[in-house]
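A.B. asks: Quick one, structure for this:
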Amino acid sequence: MKMHRLDSVASVPKREKVKEKMTTKLYVGNLAFETSSNDLETLFAKAGTVQSVSLIEDRETGRSRGFGFVEMQTKEEGDAAIAQFNGTELAGRTLKVNEAKPRENRSGGGGGGFGGGSRY
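C.D. replies: All right, here's what the predicted structure looks like:
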């Protein structure tokens with residue numbers, strides 16, 4: 001186990017005085033393809049202040065992939081939105097709403113071995 005020296009972080013400013021508001025990013029799944037960003041913003045505004053809405057689209061067709069992300073101003077508003085909208089219906093589809101997980105690092109290609117046996 002590698003130990004890190006703590007004295008090297010002494011120059012990092014402390015955040016005690018500034019009370020920073022933490023936004024909460026929510027995953028919203030099982031959306032109808034016709035659902036717009038405005039639809040989501042209007043819906044989630046019922047639970048609090050919406051910071052941003054992002055619908056995920058297919059790169060090639062531009063069509064919605066059926067999920068997106070809504071960023072709420074505070075954790076409390078995010079929790080309220082999950083409680084209020086998870087399992088509810090929007091445009092005939094049952095929504096799946098939960099706290100977004102951090103995006104995983106996606107390495108390109110699957111790098112693959114060539115399987116097969118010996119040539120000889």
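A.B. asks: C-alpha only now, for contacts and for neighbours.
C.D. replies: Will do.
A.B. asks: Contact partners for the residue nearest the centre of the chain?
C.D. replies: Geometric centre of the chain, nearest residue: A100, 3.7 Å, by Cα atoms, centre = their mean. For A100, the contact set (Cα atoms under 8 Å, 6 or more residues apart in numbering) comprises K25, L26, Y27, F69.
A.B. asks: if I look at it, how far off is G92?
C.D. replies: Counting by Cα to Cα, to the nearest Å, the gap from A100 to G92 is 23 Å.
A.B. asks: low-scoring stretches of this protein, by residue?
C.D. replies: Scanning the chain for pLDDT under 70 picks out 1-21, 106-120.
A.B. asks: mind listing the strands for it?
C.D. replies: 24-29, 50-57, 64-72, 89-90, 93-94, 96-99 (DSSP state E).
A.B. asks: want to throw these into JSON lines with distance to D39 and mean neighbour count?
C.D. replies: Compiled in JSON lines, the strands of the chain are given as follows (distance: least, Cα to Cα, whole Å; neighbours: other Cα atoms under 10 Å):
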{"stretch": "strand 24-29", "distance to D39": "12", "mean neighbour count": "20"}
{"stretch": "strand 50-57", "distance to D39": "10", "mean neighbour count": "17"}
{"stretch": "strand 64-72", "distance to D39": "11", "mean neighbour count": "21"}
{"stretch": "strand 89-90", "distance to D39": "9", "mean neighbour count": "14"}
{"stretch": "strand 93-94", "distance to D39": "13", "mean neighbour count": "14"}
{"stretch": "strand 96-99", "distance to D39": "15", "mean neighbour count": "20"}
